[in-house]
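Colleague: this one's sequence-less:
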């Protein structure tokens, strides 16, 4: 909304319906007990995610063997390439290959906005990206992630019935797309294709 603009009753009702449809009102805990309290539901989902995505127990000896298996030094010239300022062409490519109809970021600015207004904002975005990239100064708000639970089924009951997705700021996702594109030639030189082929996705 623009400053001073009042939403219509229709838009208020539509927004309320969308929020209600996305709310998790009940969930079965690990003992099969139905929980309906907001805090308990949140704790159940967070606990499930920590168990599923938390650190794994590994054999320290195996890690040491992998670390000592040998390293290939990257040519110093690659360091200069990785550290150079971001070019407009790199930025344009990153925006072009990203999908515009995905869920908007938590700040509400979708990729579609960037694509449709790129001719207006691209110079300012490039300046911002180069400041972030060269200094490493990325604010906490820019890296902030909101996790949204998407139902896997039409009638989800347990935390396992939801698939978590992370919503990042769109401009941060564009910057993150640029970095691996610079690394593809290095990966091709150092690794077998089966070890780095997925980077392009």
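Modeller: Good, I have the coordinates. No experiment lies behind these values; they were computed from the predicted model shown.

Colleague: okay, CA-based contacts and neighbour counts for the rest of this
Modeller: Fine.

Colleague: you'd agree residue 80 is in a helix?
Modeller: Yes - assigned with DSSP: H, G, I helix; E, B strand; the rest coil, residue 80 falls within a helix.

Colleague: show me how this structure divides into domains.
Modeller: 7-54, 76-201 (automatic domain parsing).

Colleague: closest to residue 68 out of these?
Modeller: Smallest distance to residue 68 across the domains of the chain (Cα to Cα): 16.8 Å, for domain 76-201.

Colleague: returning to what we had before: for residue 65, find the nearest of the domains of the chain.
Modeller: domain 76-201 (18.6 Å).

Colleague: those strands in this structure, which residues are they?
Modeller: With strands called from DSSP state E, the chain shows them at 27-28, 34-35, 146-151, 162-167.

Colleague: model confidence over the second one, on average?
Modeller: Predicted confidence along strand 34-35 averages 92 (mean pLDDT).

Colleague: now the longest helix along the chain: buried residues?
Modeller: The longest helix of the chain (DSSP state H) is helix 170-190. Within helix 170-190, the residues scored as buried using 16 or more other Cα atoms under 10 Å are 170-175, 177-178, 182, 186-187.

Colleague: for residue 158, what are its contacts?
Modeller: 27-29 (Cα atoms under 8 Å, 6 or more residues apart in numbering).

Colleague: hmm, which of these are the buried ones?
Modeller: 27-29.

Colleague: in TSV, list these along with pLDDT.
Modeller: Listed next are the buried ones among the contacts of residue 158 as TSV, based on pLDDT from 0 to 100:
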residue	pLDDT
27	92
28	92
29	90
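
Colleague: I'd like to know which of those residues is nearest to residue 92.
Modeller: Once Cα to Cα is applied, the member of the buried ones among the contacts of residue 158 that ends up nearest residue 92 is residue 27, at 43.8 Å.

Colleague: am I right that that closest one is in contact with residue 36?
Modeller: Yes - under the criterion of Cα atoms under 8 Å, residue 27 makes contact with residue 36 at 6.7 Å.

Colleague: count the neighbours of the nearest residue to residue 144 once chain neighbours are set aside for me.
Modeller: In space, and not counting its chain neighbours, residue 144 is closest to residue 168: 6.6 Å by Cα to Cα, 6 or more residues apart in numbering. For residue 168, the neighbour count with other Cα atoms under 10 Å is 20.

Colleague: ok, residue 168 to residue 61 distance?
Modeller: According to Cα to Cα, to the nearest Å, residue 168 and residue 61 sit 36 Å apart.

Colleague: picking that back up, can I get the buried residues of helix 170-190 in TSV including pLDDT and distance to residue 115?
Modeller: Shown next, in TSV, are these (pLDDT from 0 to 100; distance: Cα to Cα, whole Å):
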residue	pLDDT	distance to residue 115
170	84	11
171	83	11
172	83	15
173	85	14
174	87	11
175	85	15
177	86	15
178	86	16
182	81	22
186	79	29
187	78	29
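
Colleague: most packed of the domains of the chain?
Modeller: Comparing the domains of the chain by mean neighbour count (mean count of other Cα atoms under 10 Å), domain 76-201 ranks first with a mean of 14.

Colleague: chain center to that domain: distance?
Modeller: 7 Å (Cα atoms, centre = their mean, to the nearest Å).
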